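A.B. asks: The following comprises the amino acid sequence and a computationally predicted model.
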Amino acid sequence: MTRYIFITGGVVSSLGKGLASAALGALLQARGYSVRLRKLDPYLNVDPGTMSPTQHGEVYVTDDGAETDLDLGHYERFTGVSSRQSDNVTTGRIYQDVLAKERRGDYLGGTVQVIPHVTNEIKAFVLNETEGTDFILCEIGGTVGDIESLPFLEAIRQLGNDLPRGQTAYIHATLVPFIKAAGELKTKPTQHSVKELRSIGIQPDVLLCRSEREIPANEQRKIALFCNVRESAVIQGLDCRSIYDVPLAYHAEGLDSEVLRVFGIDNPPPPDLSRWEAIQERIENPEGTVKIAIVGKYTDLQDAYKSLGEALVHGGMANRVDVELQWIESETFEQPDAVQRLEGVDGILVPGGFGERGAEGKIAAATFARIKNVPYLGICFGMQMAVIEAARNLAELPGASSTEFGPCSDPVVGLMTEWSDGNSLQTRGIDDDKGGTMRLGEYKCQLQEGSKVNNVYANGAADDSNLGLMISERHRHRYEVNINYRAKLEAVGLRFSGLSPDGALPEIVELVDHPWFIGVQFHPELKSKPFEPHPLFASFIAAAVDQMRLV
Ligand code: GLN
């Protein structure tokens, strides 16, 4: 039997609803249940793929190539369960499907309405692909009271009646703010938010009250009374030092046992929290700090690089060090000598990105890392810029560039119009739609035996006699390093150490004469977990630790 947990939010956005959902998923898993997490997003974009990262944060890509909300990244990092296309939907996609059916005549001449047609589509989404899963946790984006959220709230309300009794639970996350002038925590916003929710027919079973201070017992009682929930169901959610403390903190407040009680599970299996205790122990006892510069374009909003920041934290955990991140706008490196600012950092990371602005600054950062022997990790765009750097400055191709920035004499990075996906050939035209038309999702990559990166993935166990490993990583890009420049670049020390299985697409490059300089066409940060740091990040931070000792 599959049970459904719906998580809504009220009062303000950015309450950490996604993290709370992910943490609850992890806690249920710790008790032996299988979970899957889903996100319903009320905005009208069909998916977040076309939205600016500075507005909406990172686009999280799944193995099956869906461009999804960044909360799915938290879900994966906390539960290890790979998200799928079927785990994230937006109003835009729901309407796209409803309108396609209307055009096909599927509604047989009926009037197409929000209730029942849109809500039915939402319900079908929630109930799809759930077999064998004990709990589906379904987070509703936005805040109660938003016009856009209404059809989703109506749909989850209906599901409470459609499904057998005892198979659904509603959690509402709210804010209990501290008003300095009064010196008090205020429960009124929570009362109003729950009133709003109840007016559309949803009575929450559990309230997760986010607060920066302890909520006294009498205030908790007041919330219970006015919001019509049991006292034990008012769970306080205090700010945590690290997001990876959240599962243990919410467990201590009784979140998981209270949710299970809603389903009539009064004596659940005891949780095994050792994974989270071990993580907490590592976070709390670092043996040093490394400084990593992230030279990118969307540095104003760190959500734009959410998974990247987390993967670096995981790399730090693997090496028992704190990672201090310096976010640097790459355009600043386009002034003469500005790149000297990188003096003293222990590692340089150039992340994914799009468009010409700031590209020269990223190339300058790659030059700095190469010449000064500073560890360099280039991800997607960051790999492409490292290749341009080597082509211009080592292979004497001054006109080397990417066709993403317009025509050039040496297109060492070019538009990919054809590639193989398993046995089928994928083709793209230059003027194709922008949405959903990149090389997206998981693709295999053959590592070269004896290469540095093979050693990284083999966790130090490989030696030159080992065959190269076959790895699989997630992609999101339109352009590729041009395989035709391989011989020229390898001759000057930039080895193509990872290729697509057909040998046509360069996936990884590394500098032979450098302590740690690796560029990857894929996004390793999307698969890193706190309990399983990605080998590239663990190794990059290890190299940064060595660098720190040198200085
Ligand atoms: N703009 C580059 C491309 O489309 C890189 C994309 C990225 O870094 N994700 O290939």
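C.D. replies: Received it, and whenever you're ready, just let me know what you need. Residues are numbered from 1 along each chain as shown.
A.B. asks: Quick check: closest non-adjacent residue to the residue nearest in space to the middle of the chain.
C.D. replies: In the chain, the C-alpha nearest the mean C-alpha coordinate belongs to Gly73, at 3.1 Å (C-alpha atoms, centre = their mean). Sequence neighbours aside, Tyr60 is the residue nearest to Gly73 in space, at 4.4 Å (criterion: C-beta to C-beta, 6 or more residues apart in numbering). For glycine as for every other residue, the C-beta is placed from the backbone atoms N, C-alpha and C.
A.B. asks: The one you found touches Ser307, doesn't it?
C.D. replies: Yes - Tyr60 lies in contact with Ser307 (C-beta atoms under 8 Å); the separation is 6.7 Å.
A.B. asks: quick one: the residue nearest to the centre of the chain and Leu37, what's the gap?
C.D. replies: Gly73 is 11 Å from Leu37, where distance means C-beta to C-beta, to the nearest Å.
A.B. asks: was I right about the residue nearest to the centre of the chain contacting Glu58?
C.D. replies: Yes - Gly73 is in contact with Glu58 according to C-beta under 8 Å; the separation is 7.0 Å.
A.B. asks: can you give me the helices in the stretch 401-550 of the chain?
C.D. replies: Applying DSSP state H, counting those that start in this stretch to the stretch 401-550 of the chain gives helices spanning 452-457, 486-491, 535-550.
A.B. asks: looking at those, which is buried most?
C.D. replies: helix 452-457 (a mean of 24; mean count of other C-beta atoms under 10 Å).
A.B. asks: So the nearest residue to Met51 once chain neighbours are set aside: helix, strand or coil?
C.D. replies: The spatial neighbour of Met51 that comes closest, neighbours along the chain excluded (C-beta to C-beta, 6+ apart), is Asn45 at 5.7 Å. In three-state terms, and counting by DSSP: H, G, I helix; E, B strand; the rest coil, Asn45 is coil.
A.B. asks: how close does Asn45 sit to Gln85?
C.D. replies: In terms of C-beta to C-beta, Asn45 sits 15 Å off from Gln85.
A.B. asks: quick revisit: and the residue nearest to the centre of the chain, what is it in contact with?
C.D. replies: Gly73 makes contacts with Glu58, Tyr60, Lys306, Ser307, Glu310, Leu526, as judged by C-beta atoms under 8 Å, 6 or more residues apart in numbering.
A.B. asks: please redo it, this time with the cut-off set to 7 Å
C.D. replies: By C-beta atoms under 7 Å, 6 or more residues apart in numbering, the contact set of Gly73 is Tyr60, Lys306, Ser307.
A.B. asks: Tell me how many other residues crowd the first one.
C.D. replies: Just to be clear, that refers to Tyr60. Applying other C-beta atoms under 10 Å, we find 27 residues neighbouring Tyr60.
A.B. asks: Give me the three-state assignment for Ile348.
C.D. replies: Following three-state DSSP, the label given to Ile348 is strand.
A.B. asks: Surely it and Phe333 touch.
C.D. replies: No - judged on C-beta atoms under 7 Å, Ile348 makes no contact with Phe333 at a distance of 10.8 Å.
A.B. asks: So between the two, which is more surrounded?
C.D. replies: Between Ile348 and Phe333, counted using other C-beta under 10 Å, Ile348 has the larger neighbour count: 29 against 24.
A.B. asks: and the closest residue to that one other than its chain neighbours, how many neighbours?
C.D. replies: In space, Ile348 comes closest to Ala369 once its chain neighbours are excluded; the distance is 4.6 Å by C-beta to C-beta, 6+ apart. Residues lying near Ala369 (other C-beta under 10 Å) number 29.
A.B. asks: Show the contacting residues for Thr62.
C.D. replies: By C-beta under 7 Å, 6+ apart, the contact set of Thr62 is Thr68, Leu72, Ser82, Ser83, Arg84, Gln85, Gly441.
A.B. asks: The same query, at a cut-off of 8 Å, please.
C.D. replies: Counted by C-beta under 8 Å, 6+ apart, Thr62 has contacts Thr68, Leu72, Ser82, Ser83, Arg84, Gln85, Asp87, Gly441, Arg474.
A.B. asks: Just the closest of the residues you listed to Ser193, please.
C.D. replies: Leu72 (24.9 Å; C-beta to C-beta).
A.B. asks: Check which helix or strand the nearest residue to that closest one once chain neighbours are set aside maps to.
C.D. replies: Nearest residue to Leu72, sequence neighbours excluded (C-beta to C-beta, 6+ apart): Ser83, at 4.4 Å. Using DSSP states H and E, Ser83 sits in no helix or strand.
A.B. asks: so how far is Trp327 from Ser83?
C.D. replies: Distance of Ser83 to Trp327, given as C-beta to C-beta: 26 Å.
A.B. asks: Tell me which of the two has more neighbours.
C.D. replies: Set side by side, Ser83 and Trp327 show more neighbours around Ser83, with 26 against 17, by other C-beta under 10 Å.
A.B. asks: That one touches His74, doesn't it?
C.D. replies: No - the criterion here is C-beta under 8 Å, and Ser83 misses it with His74 at 10.2 Å.
A.B. asks: Flag the shaky bits of the stretch 201-350 of the chain, pLDDT-wise.
C.D. replies: 299 (pLDDT under 70).
A.B. asks: contacting residues around Asp106?
C.D. replies: Asp106 makes contact with no residue, according to C-beta under 8 Å, 6+ apart.
A.B. asks: For it, which three-state class applies?
C.D. replies: Three-state assignment for Asp106 (three-state DSSP): coil.
A.B. asks: before we move on, the earlier item: can you verify the residue nearest to the centre of the chain is assigned to a helix?
C.D. replies: Yes - according to three-state DSSP, Gly73 belongs to a helix.
A.B. asks: what's the burial count for the closest residue to the ligand within the stretch 201-350 of the chain?
C.D. replies: Here the residue of the stretch 201-350 of the chain nearest the ligand is Val350; by C-beta to the nearest ligand atom that distance is 9.4 Å. Residues contacting Val350 under the criterion other C-beta under 10 Å number 31.
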